[in-house]
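*Asks:* when you get a sec, could you give me coordinates for this:
(one chain, ligands or ions: 1)
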Amino acid sequence: MTRNTYIDLSNVGHYFESGDQTIHLFDDLNLTLNRKEVTSIVGSSGAGKSSLLSLAAGLEEPKLGTVTFVKDKEKVSAEDYRQNIGFIFQQFHLLPEMDALNNLALPMRLKGMDSAFEEAAEWLSFIGLSDRAGHKPSQLSGGEQQRIAIARAFISEPDYIFADEPTGNLDVSTAASISDLMLDCAEETGCGLVLVTHSRQLAEKASIQFELVNNRLECAA
Ligand SMILES: Nc1ncnc2c1ncn2[C@@H]1O[C@H](COP(=O)(O)OP(=O)(O)OP(=O)(O)O)[C@@H](O)[C@H]1O
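*Replies:* Presented below is the predicted three-dimensional model:
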């Protein structure tokens, strides 16, 4: 594979100091996330999955080792790289005062795009929620809110999307359709997708699977 755009974690070690306690997460961790790949990371609660996501997304710096961001073969800073990254969270995080269409259009409006509402309407149709365009999050089910949150993450065509427990608040059948939607969107757009999850069903849909166990990242498939 030609590696033009990727995130490389090399010999990464991370811990938190809280009072006289040290919370040791992992050491000597090596991981390369290539764009256009779907990667899953499972691990027990507290293993450090969300922390690893923050490091890979450049939101935090590791205590040891390096995280390198490469776009089109050029090394870029974490700050610049963050412009190319989207997030999906367990709690959806839609803006409660805005309807579905406005929630979806917002990232593009912030970028000053004239076609923001047109594209938002197209995405609403793609996720099967055109008839809910005028509904606020409180008028939508959890699954519907997460479909919108997924579309909102993909709509600005980032290089990577980091999804932290994206199906954690959903029942089994909604979780399955949400998982399929994320994977379809990733395939359609060529966006790299990094999933942190407790769900083995979701994790197993990824082409590259890891487990964070005993402070190390191990191949899970
Ligand atoms: N800013 C922080 N300061 C101190 N400790 C932290 C901080 N962030 C996380 N931790 C601790 O680091 C450990 C790993 O947390 P993290 O959220 O990364 O785990 P996780 O594997 O995602 O867990 P879960 O599956 O329960 O969400 C936990 O013990 C947590 O309390």
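
*Asks:* going by C-alpha atoms from here, please, whenever you check contacts or count neighbours.
*Replies:* Noted.

*Asks:* contacts for stretch 77-96, please.
*Replies:* If you take C-alpha atoms under 8 Å, 6 or more residues apart in numbering as the criterion, stretch 77-96 is touched by 57-59, 68-69, 103, 136-138, 145-146, 149-150, 153-154, 157-169.

*Asks:* same deal with stretch 184-194?
*Replies:* Stretch 184-194 has contacts (C-alpha under 8 Å, 6+ apart) with 33-41, 154, 157-163.

*Asks:* how about 7 Å then?
*Replies:* If you take C-alpha atoms under 7 Å, 6 or more residues apart in numbering as the criterion, stretch 184-194 is touched by 34-40, 157-163.

*Asks:* residue contacts, residue 97?
*Replies:* Shown in contact with residue 97 (C-alpha under 7 Å, 6+ apart): residue 136.

*Asks:* circling back: now the two most distant members of the contacts of stretch 184-194.
*Replies:* 40 and 157 (20.2 Å; C-alpha to C-alpha).

*Asks:* pick out whichever of those two has more residues nearby.
*Replies:* Of the pair residue 40 and residue 157, residue 40 is the one with more neighbours under other C-alpha atoms under 10 Å, namely 24 against 16.

*Asks:* so residue 211 lies in a strand, does it not?
*Replies:* Yes - assignment of residue 211 by DSSP: H, G, I helix; E, B strand; the rest coil places it within a strand.

*Asks:* correct me if wrong: it contacts residue 44.
*Replies:* No - if you go by C-alpha atoms under 7 Å, residue 211 and residue 44 don't touch, sitting 8.9 Å apart.

*Asks:* who has more neighbours out of these two?
*Replies:* Comparing residue 211 with residue 44 by other C-alpha under 10 Å, the one with more neighbours is residue 211, at 20 against 13.

*Asks:* now the residue lying closest to the more buried one once chain neighbours are set aside, what's its secondary structure?
*Replies:* Using C-alpha to C-alpha, 6 or more residues apart in numbering and skipping the chain neighbours, the partner closest in space to residue 211 is residue 42 (4.7 Å). Secondary structure, three-state DSSP: residue 42 is strand.

*Asks:* OK, contacts around residue 42?
*Replies:* Counting by C-alpha under 7 Å, 6+ apart, residue 42 makes contact with 196-198, 210-212.
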